[in-house]
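Enquirer: I would like the atomic coordinates for the input below:
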Amino acid sequence: MINRPLYLNKLVKTIDNDLVKILVGVRRSGKSTLLKMIKQYLLNHNVLEEQIIDINFELIENDYLKSKDAFIAYVKENLVLNKKSYLFVDEIQELDNWARIINSLKVSENIDIYLTGSNARLFIGDHLTYLAGRYISFNVYPLSYEEYLKFKNIVEVNFSFYNEFLDSSFPALVLETHDDIKTMMKQDMFDTIFRRDMIMRGNISNESMFFRVARYILEHIGSSISINKITNTLNSLGLKISYGTIDSYIDLMTKSYFIYQCQRYDIKGKEILKTNGKYYVVDFGIRDQLIPNKTTNTGKVLENFIYLELVKHGYNVYVGKIGRDLEIDFVATKDDKKLYIQVSQSVIDPKTREREIKPFSLLKDMSKRYLVSFDSVMIESDYFEHLNVMDFINKL
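Expert: Numbers count the residues shown, from 1 in each chain. Predicted coordinates for the structure are as follows:
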């Protein structure tokens, strides 16, 4: 197992506290491996094997534990008398009424609990009621670029492997050395994420229409999207689909962590806006299973890359709205830090440079402002810093 300190260091700090730890994210992002790392950490720090209870709902032999009574009985039978036990459950969403069951065990037993889930519906409805104030969630993503290089045993951090990284950032795919096997694995991941986590879980009856909406989203990565516009576009092509259906389809894609919505933030009014956000995809290699051979705007790909690097490093990210017509690509916040970020493939062209720089001149606060591009020659400025992509990533 290759260490992922971005997550492991945070998880270690929570050991033996009173909160239920929940790791959420797209399937195959490394959640189960992180659980194994925590288990190994415990074993290395005087916890006995018998104190660890391990349940993986992806294994068919554990199907019987999806019953409330069977699950509770199994956990209680494996508790260690007069010692703290450690419960690890993979894909907890497979257990009906999981939050009520987990809360009951947490309250009644001397137990530290770690869960993984592949769907944001974990936090909908009664689940939040039962665990309100009693859990901490960790968003787990496929590899950051720095992690990718580490997995590849590349010591010097450079951008020579950018295109390979875009091919896939999922840990298992990065470690696979045979291209034919990697292709098969991508298809399997796509089928699992789309058919199991979206189509089956969402009871989608019109699969072809669902894929049509998904393609639209993926072909407009990094662009402002309104459901009304998608509805009108598809209806104009003779495809009968309602606003509500499209809304539910997009909800399934975001709840499965396949795409992420970047909401707009009114910089002057200091409020999050509910309409016309942008969407970014978790991994281009999996995206290409749905729209192969698609010529993609390389500037939008870079924008997607920067967005993911920001969220992987713990930033909350928004699209900044300035006045009626101007935008900052990203407003990123973490703790007491705020960054304004403009992303462009290149700003060598004077018109492009002027367009990218103009929003910075309208900002009133003194937060850091970055212009990020692939250029090797940087623009000198007193009110923003122009960085090559790699130099920017190293600052996160």
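Enquirer: Excluding residues flanking it in the chain, which one is nearest K21?
Expert: Closest residue to K21 apart from its sequence neighbours, by C-beta to C-beta, 6 or more residues apart in numbering: Y114 at 4.7 Å. For every residue, glycine as well, the C-beta is placed using N, CA and C.
Enquirer: hey, where'd the strands end up in this structure?
Expert: Per DSSP state E, the chain carries strands over the ranges 20-24, 52-56, 85-90, 111-117, 135-139, 259-266, 271-281, 316-322, 326-334, 337-343, 368-373, 385-388.
Enquirer: Next, format those strands as TSV and append distance to I306.
Expert: Shown next, in TSV, are these (distance: least, C-beta to C-beta, whole Å):
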stretch	distance to I306
strand 20-24	22
strand 52-56	35
strand 85-90	31
strand 111-117	27
strand 135-139	17
strand 259-266	11
strand 271-281	9
strand 316-322	9
strand 326-334	7
strand 337-343	5
strand 368-373	6
strand 385-388	11
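Enquirer: Output those strands as TSV; include the columns mean neighbour count and distance to M37.
Expert: Shown next, in TSV, are the strands of the chain (neighbours: other C-beta atoms under 10 Å; distance: least, C-beta to C-beta, whole Å):
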stretch	mean neighbour count	distance to M37
strand 20-24	22	11
strand 52-56	18	13
strand 85-90	22	11
strand 111-117	24	11
strand 135-139	17	13
strand 259-266	19	25
strand 271-281	16	27
strand 316-322	19	26
strand 326-334	20	24
strand 337-343	20	28
strand 368-373	22	32
strand 385-388	18	33
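Enquirer: got a list of what the most centrally placed residue in the chain touches?
Expert: In the chain, the centroid-proximal residue (C-alpha atoms, centre = their mean) is Y141; its distance is 4.6 Å. For Y141, the contact set (C-beta atoms under 8 Å, 6 or more residues apart in numbering) comprises G25, V26, S29, V282, L308, V311, K312.
Enquirer: so where's the stretch 101-250 of the chain shaky on pLDDT?
Expert: The model of the stretch 101-250 of the chain has pLDDT under 70 over residues 125, 127-128.
Enquirer: one step back: ok, which of the strands of the chain comes nearest N228?
Expert: When the strands of the chain are compared by C-beta to C-beta, strand 271-281 sits nearest N228, at 9.3 Å.
Enquirer: what is the mean pLDDT for the closest one?
Expert: In this model, strand 271-281 carries a mean pLDDT of 94.
Enquirer: Then stretch 21-30?
Expert: 96.
Enquirer: picking that back up, what's the closest non-adjacent residue to the residue nearest to the centre of the chain?
Expert: K312 (4.9 Å).
Enquirer: The one you found - how many residues pack around it?
Expert: Using other C-beta atoms under 10 Å, K312 has 21 other residues around it.
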